[in-house]
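In: Fold the stuff below for me.
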Amino acid sequence: MNYRKFGNTDLKVSEVGFGAWGIGGPAMAGDIPIGWGEVNDDESIKALKKSFDLGINFFDTADFYGLGHSEDLIGNVFGNRKDVIIATKVGHRLNTDNSIALDYSKNHILNACEASLKRLKRDSIDYYQLHSAKLTHIENGECIEAMQQLEKEGKIRYWGISLNTFNPFPEADFFIKNEIGNGFQLVFNVINQRAIDLFEKSKQNGYGIIARMPLQFGLLTGKFTKETTFPPNDHRHFRLTEEILSKSLDMLEEVWPLAEKMNISKTSLSMSYILAFDEISTVIPGIKTESQAIQNTKDIIKLSAEEKDRLINLYNDKLYQIVNLMERQG
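Out: Down below sits the predicted model:
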């Protein structure tokens, strides 16, 4: 495993991290699935331990993943050990009617942090993130005050923001302009390359970058067919519609010959492409099993400039249409 510096912080993170949304289990917000379907806690624990054995030291979760269950599992496995870097998020909760609420009030963040610390069994959170907060939330100022207070109190070491899937720029620009926070979590993969224009600007201003959704809900593993379906308690049930699945798989046929040429899996190509960008500190594929931990860390290779440009050009020529379709889907 290789390690990279996270922006201007003293965190040195594994270039492949552990995305812990999936291990949260099949949580629901009313009739809306907010998880990845059924999960086995024993398997999740094995996956966490195996990932650490493989050199992963960066574990990314949120208090909304499994409504706290993901944090509980991580806390039970790692507790307060100092050789593990824990990142979690705040800002999503359920209303009394079980609908999703976005809450970036100072009071909620302070209370939610205390709850996360208890579940994670930590003295402090290494990296605390506003969970997809919008510009209006940030401009309000309460969430910034809360983060700065938590940092001053030593309950968090560093903080940042998980940026919008399709338009990460307004919030990132606000952070950079006002010189607040330490990092950005953003969507970047072969299919969705919209955030690429943020890379150099973030690096120049000392922000670390976490790349999430590297395999785009599994589309970039090559495991899906046009007949693949998902159970109702899996968020992909409504996100990966028949149209999106069909069109995505057709367009990706132009990508996979590169994996064959390099003699690596589709997953390895997808991960290697993201890590070809030096500005990215870590990539966090979702991991639910030991085998996924192995697959997501295996055969990470250095792409040539030509191979990297090939994937950029494929996105600009065709693959961007998948992102546009997903954005319209919501």
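
In: Now do the helices in the stretch 101-250 of the chain.
Out: Assigned by DSSP state H, counting those that start in this stretch, the helices in the stretch 101-250 of the chain fall at 106-120, 135-140, 142-152, 169-178, 199-204, 236-239, 242-252.

In: So what's the gap between the shortest one and the chain middle?
Out: Put plainly, it is helix 236-239. For helix 236-239, the separation from the chain centroid amounts to 18 Å (computed by CA atoms, centre = their mean, to the nearest Å).

In: now the last one
Out: Chain-centre distance of helix 242-252: 22 Å, with CA atoms, centre = their mean.

In: Helix or strand next in line after that helix, which one?
Out: helix 256-262 (DSSP states H and E).

In: after that following helix, next one along is what?
Out: Next along the chain after helix 256-262, with elements defined by DSSP H and E, is helix 266-275.

In: what about that following helix, average pLDDT?
Out: This predicted structure assigns helix 266-275 an average pLDDT of 97.

In: got the buried residues for it?
Out: The neighbour-count check on helix 266-275 (16 or more other CB atoms under 10 Å) flags Lys266, Thr267, Ser268, Leu269, Ser270, Met271, Ser272, Tyr273, Ile274, Leu275 as buried. Every residue, glycine included, has its C-beta placed from N, CA and C.

In: Switch these over to a markdown table; also include distance to Leu11.
Out: A markdown table is the format used below for the buried residues of helix 266-275 (distance: CB to CB, whole Å):
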| residue | distance to Leu11 |
| --- | --- |
| Lys266 | 30 |
| Thr267 | 26 |
| Ser268 | 25 |
| Leu269 | 27 |
| Ser270 | 25 |
| Met271 | 20 |
| Ser272 | 23 |
| Tyr273 | 24 |
| Ile274 | 19 |
| Leu275 | 17 |
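
In: Those: which two are farthest apart?
Out: When those are compared pair by pair using CB to CB, the farthest-apart members prove to be Lys266 and Leu275, with a separation of 15.3 Å.

In: Okay, and the beta partners of the most centrally placed residue in the chain?
Out: The C-alpha lying nearest the average C-alpha coordinate of the chain belongs to Arg212 (CA atoms, centre = their mean; 3.0 Å). In this structure, Arg212 has the following beta-bridge partners (DSSP bridges): Val187, Ile284.

In: what's around the nearest residue in space to Asn233 that is not next to it in sequence, how many residues?
Out: Beyond its immediate neighbours in the sequence, the residue positioned closest to Asn233 (CB to CB, 6 or more residues apart in numbering) is Pro26, lying 4.0 Å away. For Pro26, the tally of surrounding residues (other CB atoms under 10 Å) stands at 18.

In: again with the one 4 residues further on
Out: Gly30 has 12 neighbouring residues, counting by other CB under 10 Å.

In: how much space between the nearest residue to it once chain neighbours are set aside and Arg119?
Out: Leaving aside its chain neighbours, Gly30 sits nearest to Asn98 (4.5 Å; criterion: CB to CB, 6+ apart). Taking CB to CB, to the nearest Å as the measure, Asn98 and Arg119 are separated by 20 Å.

In: next one: Ile144
Out: Shown here: Ile144 relative to Arg119, a distance of 24 Å by CB to CB.

In: who has more neighbours, these two?
Out: Taking other CB under 10 Å, Ile144 and Arg119 do not tie; Ile144 has more neighbours (23 against 20).

In: Could you tell me the per-residue confidence at that one?
Out: pLDDT for Ile144: 98.

In: Now the closest residue to it other than its chain neighbours. Its backbone dihedrals?
Out: Closest residue to Ile144 apart from its sequence neighbours, by CB to CB, 6+ apart: Ile180 at 6.0 Å. Ile180 has phi and psi values of phi -120, psi 150 when expressed as degrees, to the nearest 10.
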